[in-house]
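1. coords below, sequence missing:
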C-alpha cells in the first residue's frame, strides 16, 4: 500500500524559500535605510521651504503686498519647533521606501532568473530609473507644488500620475532588457504618451508664495529624490548580493 501525502499549504522548494527570504531581507533593510536617509535630506533641504511656504499660505506673510512691493521676508521657522511632525515624516518615509524596495527587489528576482547579474553599480542604475519613473518624468507634467498652491481636481491628477509612472517603467524596461531593434520605436512611444496626453491643469495661475521659493522647492525635491532612489538601489543591490553569497 502506498501512502500519498499532501501539503496543507503549497509546498515550496528550498530555492523558492531562499528567494523569498532574500526578497524580504533586501527590501526591508534597504527600504528602511534609504527611507531614513531620504527623510534626513528632506529635513535639511526641503522641509524648511515647506514651512516657509506655510507662512504665506496662512497669511502670516504676504507677497505682493498692498503697496505693490514685490519684496517679502525670507526664512522659515526652525525645524526643531515641531519635532513630533518630523518624526512622523521619518517614519512615513521609511515605510514608503520599503514599499518601493519590494517592487525593486522583485525586479531583481525576475532579472536574476532571466540571467542578469545584480551588482552595486547596476543597483544604482535601477535606483536612477526608479527616480525617473516615479519623480522626474511625472514632474514634467506636474512639478512638485508648495503648500497653498491650487491645482486641478485630485482624481484626474492621480490617474495621470499613475499612468505616467507605469508607462515610463514599461519604456525603461524595454530599453534595458529588450534586445530587439523595434524597442527604439516602442520605448519612446511609452515614454512620450503621457506627456502628449498632457497632465490636468487649471486655466489660470494661482500662488501665494514667491516664485523664487517655488522654483527652489522643485529643484531640491528633484535632487533629494534622485539621491534617495540611487541610495535605495545601491542598498538593495548590496544586500541582495550578500544574501546570494550567504
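-> In hand now; what should we look at? What you see is a predicted model; the values in this text were computed from it and never measured.
2. what does the least confident helix or strand in the chain by mean pLDDT rub up against?
-> When the helices and strands of the chain are scored by mean pLDDT, DSSP states H and E, helix 47-58 comes last with a mean of 87. With CB atoms under 8 Å, 6 or more residues apart in numbering as the test, helix 47-58 has contacts from 61-63, 72, 74-77, 79, 86, 89, 146-148, 208-210, 213-214, 216-217, 220. For every residue, glycine as well, the C-beta is placed using N, CA and C.
3. What helix or strand is residue 199 located in?
-> Under the criterion DSSP states H and E, no helix or strand holds residue 199.
4. Quickly note the distance from it to residue 138.
-> 8 Å (CB to CB, to the nearest Å).
5. go on, residue 205?
-> In terms of CB to CB, residue 205 sits 20 Å off from residue 138.
6. just to revisit the earlier point, mind listing the shared neighbours of residue 199 and residue 138?
-> Common neighbours of residue 199 and residue 138 (CB under 8 Å, 6+ apart) are 161, 164.
7. Settle it for me: which of these two has more neighbours?
-> More crowded of residue 199 and residue 138, by other CB atoms under 10 Å: residue 138, with 23 against 20.
8. pLDDT score assigned to the more buried one?
-> Residue 138 is assigned a pLDDT of 96 by the prediction.
9. which SSE is it in?
-> helix 137-141.
10. ok now that helix, how far from the chain's centre?
-> Put simply, helix 137-141 sits 12 Å off its chain's centre (CA atoms, centre = their mean, to the nearest Å).
11. if I pick the residue lying closest to residue 28 once chain neighbours are set aside, what's in contact with it?
-> Among residues not flanking residue 28 along the chain, residue 98 sits closest, at 6.0 Å (CB to CB, 6 or more residues apart in numbering). Contacts for residue 98 (CB under 8 Å, 6+ apart) come out as 27-28, 31-32, 35.
12. In helices only, show me those residues.
-> In this view, those that belong to helices under DSSP state H are 27-28, 31-32, 35.
13. Which single one of those is nearest to residue 104?
-> In terms of CB to CB, no member of the ones in helices among the contacts of residue 98 lies closer to residue 104 than residue 27, at 7.6 Å.
14. got the contact list for residue 101?
-> 26-28, 30-31, 34, 232, 236.
15. Put together JSON lines for these, with distance to residue 182 and pLDDT on each row.
-> Below are the contacts of residue 101 laid out as JSON lines (distance: CB to CB, whole Å; pLDDT from 0 to 100):
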{"residue": "26", "distance to residue 182": "33", "pLDDT": "91"}
{"residue": "27", "distance to residue 182": "33", "pLDDT": "93"}
{"residue": "28", "distance to residue 182": "38", "pLDDT": "94"}
{"residue": "30", "distance to residue 182": "34", "pLDDT": "95"}
{"residue": "31", "distance to residue 182": "35", "pLDDT": "96"}
{"residue": "34", "distance to residue 182": "35", "pLDDT": "96"}
{"residue": "232", "distance to residue 182": "31", "pLDDT": "97"}
{"residue": "236", "distance to residue 182": "31", "pLDDT": "96"}
